[in-house]
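A.B. asks: okay, sequence plus prediction incoming.
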Amino acid sequence: MTGTPHPRIVCAGITTLDFIYAVDVMPSEPLKYRSNAMVTSGGGLAGNAATACARLGAGVRLVARLGDDFWADPMIAELERDGVDCSLVRRCPGHRSPVSAVVVDPKGERLVVSYSDPDIPSDTGWIPTDLGADADAIYAETRWIEAALAILPQARAAGIPSVLDADRKPTRPEVLALASHVGFSAPALREFTGIHDLPAALAQASRAQGYLALGSRALGSRAQSSGGVVNVFLVTDGANGAWYMDGGKVVHVPAFPVKSVDTLGAGDTWHGALAVALADRQPLDRAVRFANAAAALKCTEFGGRKGMPTRARVEALLAAA
């Protein structure tokens, strides 16, 4: 391992409670289906990324919003058991915490029905403005876009890497100009570019500097701290691996072959692991392999977060490859 032995990561975005059901056949009709296993687990992009970072040995602070309902306490308790600092998880009076029902089939593929309170406050005035000063990397995502717009410039100002999980096409595309590393999901990249072929779509997105810079100017001084420059675009595609841009070329990093039991949270694990590797100052090719290994191991166990690996397991898989 290179760099600091205990990287410090700030993660901002959504955290949820997932009710995860294993079924023999993925539901396709409005009938009753029997589950053969069930787990209740925390979820959500940022909540999962924070857990992944903590399991990989990082010190993690989570910036998130929950309601003041019954579910918030167990969600925070689970995160804290994994070592995540939840002092910046805001409880919003009169609002409901995000929850999801997840159905997983025998191949590990999942169907998700989620609920997020549409009226939960999105303001970020309460978020500290010096998060980058005490961190080695910052992670944000597109489900709470206001938080991403607020904290990603802090990473640039502090001279540390930042990861944006572009799990869906952002409602504010200028956010793509604020992160040093933008990791698209395959569906989000295809929607963003209109191109189905992922390497071609990635190259097209990377060339869209003028569009991104135009949008980022609307952010005023916050955009200036990033220079309107995206260092690296990446895309993940499950068992097909990941691609990233390097000097105008598209580089493919294969996935690690594993028997997939549950893919829920694999992308979140990938982004969290990438943030840890970048905080360690690993070269990009090694950082992506590290993230691929962490995501692959997560898929080998049913129960969402339950399968998120320790650093020792990731390094063992890398050493054996």
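C.D. replies: Noted; the coordinates are in hand.
A.B. asks: so who does the spatially most central residue of the chain touch?
C.D. replies: In the chain, the centroid-proximal residue (C-alpha atoms, centre = their mean) is D268; its distance is 3.8 Å. Shown in contact with D268 (C-beta atoms under 8 Å, 6 or more residues apart in numbering): 44-45, 48-49, 52, 165. All C-beta atoms are positioned from the backbone trio N, CA, C, and that covers glycine.
A.B. asks: let's see that with 10 Å instead.
C.D. replies: Counting by C-beta atoms under 10 Å, 6 or more residues apart in numbering, D268 touches 11, 13, 43-52, 139, 141, 165, 167, 295, 298, 304-305, 308.
A.B. asks: one more: P254?
C.D. replies: Contacts of P254 (C-beta under 10 Å, 6+ apart): 239-242, 289, 292, 321.
A.B. asks: take those residues and keep only those in helices.
C.D. replies: When DSSP state H is applied, those are split such that 289, 292 fall in helices.
A.B. asks: just the buried ones out of the contacts of P254, please.
C.D. replies: Listed as buried from the contacts of P254 are 241-242, 289, 292; burial here means 16 or more other C-beta atoms under 10 Å.
A.B. asks: V314 belongs to a strand?
C.D. replies: No. Counting by DSSP: H, G, I helix; E, B strand; the rest coil, V314 is not part of a strand but helix.
A.B. asks: isn't it up against F290?
C.D. replies: Yes. Under the criterion of C-beta atoms under 10 Å, V314 makes contact with F290 at 6.5 Å.
A.B. asks: name the residues contacting each of those two.
C.D. replies: 56, 273, 276-277.
A.B. asks: about what we covered before: make a PyMOL selection of the buried ones in the contacts of D268.
C.D. replies: Only the buried members of those enter the following PyMOL selection, criterion being 16+ other C-beta under 10 Å:
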select buried, resi 11+13+43+44+45+46+47+48+49+50+51+52+139+141+165+167+295+298+304+305+308
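A.B. asks: just the contacts of D268: which are in strands?
C.D. replies: Among those, the members found in strands (DSSP state E) are 11, 43, 139, 141, 165.
A.B. asks: make a markdown table out of the residues you listed and add pLDDT.
C.D. replies: Conversion of the ones in strands among the contacts of D268 to a markdown table gives the following (pLDDT from 0 to 100):
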| residue | pLDDT |
| --- | --- |
| C11 | 98 |
| G43 | 95 |
| Y139 | 98 |
| E141 | 97 |
| D165 | 97 |
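A.B. asks: ok, which pair from the residues you listed is furthest apart?
C.D. replies: G43 and Y139 (15.7 Å; C-beta to C-beta).
A.B. asks: picking that back up, give me the lowest-pLDDT entry from the contacts of P254.
C.D. replies: Within those, the minimum per-residue pLDDT falls on A321 (85).
A.B. asks: quick one: the nearest residue to that one once chain neighbours are set aside from F302, how far?
C.D. replies: The shortest distance from A321 to any non-neighbouring residue, by C-beta to C-beta, 6 or more residues apart in numbering, is to F256 (6.6 Å). F256 sits 18 Å away from F302, going by C-beta to C-beta, to the nearest Å.
A.B. asks: just A54 next, same as before
C.D. replies: 21 Å.
A.B. asks: also T236?
C.D. replies: 21 Å.
A.B. asks: of the two, who's got more company?
C.D. replies: Set T236 next to F302 and count neighbours by other C-beta atoms under 10 Å: T236 wins out with 28 against 17.
A.B. asks: quick one: contacts for the residue nearest to that one when sequence neighbours are not counted?
C.D. replies: Once flanking residues are discounted, T236 sits nearest to A242: 4.8 Å by C-beta to C-beta, 6+ apart. Counting by C-beta under 10 Å, 6+ apart, A242 touches 183-184, 186, 198, 202, 234-236, 251-255, 270, 274, 288-289, 291-292, 295.
A.B. asks: how far is the helix or strand that contains R190 from where the chain is centred?
C.D. replies: Element membership of R190 [criterion: DSSP states H and E] is helix 186-193. Helix 186-193 sits 16 Å away from the centroid of its parent chain (C-alpha atoms, centre = their mean, to the nearest Å).
A.B. asks: can you list contacts of it?
C.D. replies: So helix 186-193 is contacted by 142, 165-170, 173, 176, 182-185, 195-198, 200-205, 207-208, 233-238, 240, 242-243, 267 (C-beta under 10 Å, 6+ apart).
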